[in-house]
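Asks: what's the 3D shape of this:
(chains A and B)
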2 protein chains.
Amino acid sequence: MKKKKVKGTIKTKIDKVSDSTIRRLTLYHRSLKRMEKQNIERTTSMELAESEGIHPAKIRKDLSYFGTFGCRGVGYEVSTLKRELDHILGFNKPWGLVIIGGGQLGETLIKSQSLKENNFIINKIFEKKPDQLKITTGQTGVFSINQLEKKIDPLKDHIAIIALPHREIQPIIDRLSKLDIKGVLYIASRAVNTPKNMVVMNQDLSLSLGMMTYKVLEKRG
Amino acid sequence: MKKKKVKGTIKTKIDKVSDSTIRRLTLYHRSLKRMEKQNIERTTSMELAESEGIHPAKIRKDLSYFGTFGCRGVGYEVSTLKRELDHILGFNKPWGLVIIGGGQLGETLIKSQSLKENNFIINKIFEKKPDQLKITTGQTGVFSINQLEKKIDPLKDHIAIIALPHREIQPIIDRLSKLDIKGVLYIASRAVNTPKNMVVMNQDLSLSLGMMTYKVLEKRG
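Replies: Numbering: from 1, shown residues only, chains lettered A, B, ... in the order given. The predicted structure is shown next:
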């Protein structure tokens, strides 16, 4: 296989990159990870596009925000591009997670190979009734939600995932904002008030189902 | 309040609307639903934009794919625009859901007010060990996964949500594709092979966490 040097320098971002671009970067990263596992050395925007259902020109544009990757007509070196995306997305260093209220989800995430590969580590699970939680957590500690302030260490616990009924989410977010946690992902179908000192994101199954029904109707004409 | 007639006609779509646009439509719908509950009669692309963090021009462009809504300088009538989006996204008629392998998730979804409002009904839950499932399901039946073929009625059960370990997802999708189910949403951090006769979507917490770490790094400069 022809070896050619692939440029990959990260430019300083001038404009804020859109959420859609960041979302697509995570998709490219997922495809590159799979290719790396299959020992595929090189890929093209065409191949990447096909595996994630995105237009090849969009891939080149998305990547262009962050510098020059790949060579015209040669494509991208899989491991180099994956490493660059690791860096851009922040997967090149470990992130400590805490799960609040989602014991079952916690167990799934602890087992998730994909999270491990992206350097996410589940540090702690907080439950309303921790002694009633019947899951296998390995090294991960299970604590009462009352102990949030006592147990969370913002130097190690960077991101919280909240899986609680909607009305219980806001007070938890307010408590977390005082603890210097950097990011919160809450799973709910309603938005909450978000403190300015941390990144707050919302995962909402209703939104995915809305996309689903649109596509089902589109498919049936 | 000045009453003005708001146009809202749905044109035939010529181009395929992008996933990003559909995703944003679900966000606008969510905001409009909230406004309707708060008895807000009119809104503008500026207000809608603010509540979901999207550029106002993008909102006008997204809506323009589907016709002419609102009047320049007057904005949108909340209930009219919400009803149009109900129609576009398919929320104007009931959708039957079945949950496969996610009993806990099932319970959450059964209780979800948002799903009810969008006309989603949880019809059935399938579990590996249905008799061991300790949740409150009300009217919703709980069955063994072995009984998928026997219990699923494609006339009533339109969409399946799969929450199983990754290696168990593909066989279930293959079985569902023979049952004329219209859509499948699977929760996993790896892609599976998707039959052409149904819409298959993937919800992946790893992707959300990738966006999260990007934003945390961006916020810290």
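
Asks: what does the domain assignment say about chain A?
Replies: Annotated domains of chain A cover A:19-89, A:95-207 [automatic domain parsing].

Asks: Residue A:54: neighbour count?
Replies: 19 (other Cβ atoms under 10 Å in any protein chain shown). Yep, even glycine has a C-beta here, placed from its N, CA and C like the rest.

Asks: any idea of the pLDDT on it?
Replies: With respect to pLDDT, residue A:54 scores 80.

Asks: give me the element it is part of.
Replies: For residue A:54, there is no helix or strand it lies in under DSSP states H and E.

Asks: which one is it nearest to, not counting chain neighbours?
Replies: Spatial nearest neighbour of residue A:54, excluding adjacent residues (Cβ to Cβ, 6 or more residues apart in numbering or on different chains): residue A:24 at 6.1 Å.

Asks: Could you verify that that neighbour is part of a strand?
Replies: No - counting by DSSP: H, G, I helix; E, B strand; the rest coil, one finds residue A:24 to be helix, located in no strand.

Asks: who touches residue A:55 in this structure?
Replies: Shown in contact with residue A:55 (Cβ atoms under 8 Å, 6 or more residues apart in numbering or on different chains): residue A:49.

Asks: measure it to residue A:46 for me?
Replies: 10 Å (Cβ to Cβ, to the nearest Å).

Asks: which residues are in contact with the helix or strand of chain A with the lowest mean pLDDT?
Replies: Using mean pLDDT, DSSP states H and E, the weakest-scoring helix or strand in chain A turns out to be helix A:103-111, at a mean of 75. The contact list for helix A:103-111, computed with Cβ under 8 Å, 6+ apart, reads A:97, A:99, A:115, A:120, A:122, A:125, A:127, A:133, A:135-138, A:140, A:142, A:161, A:163, A:187, B:104, B:165, B:205.

Asks: Do a quick rundown of the helices in chain A.
Replies: A:19-37, A:45-52, A:56-64, A:78-89, A:103-111, A:113-117, A:148-151, A:166-177, A:205-219 (DSSP state H).

Asks: nearest to residue B:70, of those?
Replies: Nearest to residue B:70, of all the helices of chain A, is helix A:205-219, at 20.8 Å by Cβ to Cβ.

Asks: The closest one close to chain B?
Replies: Yes - on the criterion Cβ under 8 Å from any Cβ of the partner chain, helix A:205-219 is in touch with chain B at A:205-219.

Asks: And stretch A:51-70, what's buried?
Replies: A:51, A:54, A:59, A:62-63, A:65-66, A:69-70 (16 or more other Cβ atoms under 10 Å in any protein chain shown).

Asks: Work out the gap between that stretch and the centre of the chain.
Replies: 19 Å (Cα atoms, centre = their mean, to the nearest Å).

Asks: measure that stretch end to end?
Replies: 18 Å (Cα to Cα, to the nearest Å).

Asks: For residue A:195, which non-adjacent residue is closest in space?
Replies: Per Cβ to Cβ, 6+ apart, closest to residue A:195 is residue A:177, 3.7 Å.

Asks: how about that neighbour, what does it touch?
Replies: A:195, A:197-198.

Asks: would a markdown table of the domains of chain A with distance to residue B:19 be doable?
Replies: Formatted as a markdown table, these follow (distance: least, Cβ to Cβ, whole Å):
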| stretch | distance to residue B:19 |
| --- | --- |
| domain A:19-89 | 8 |
| domain A:95-207 | 12 |
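
Asks: Of all the ones you listed, which one is nearest residue B:82?
Replies: Of all those, domain A:95-207 comes closest under Cβ to Cβ, at 14.4 Å.

Asks: quick one: residue A:98 and residue A:127 touch, right?
Replies: No - taking Cβ atoms under 8 Å as the definition, residue A:98 is not a contact partner of residue A:127, at 11.4 Å.

Asks: more neighbours, those two?
Replies: A count of neighbours by other Cβ under 10 Å puts residue A:98 above the other of residue A:98 and residue A:127, at 27 against 20.

Asks: picking up where we left off before, could you tell me which residues within the least confident helix or strand of chain A count as buried?
Replies: A:103-110.
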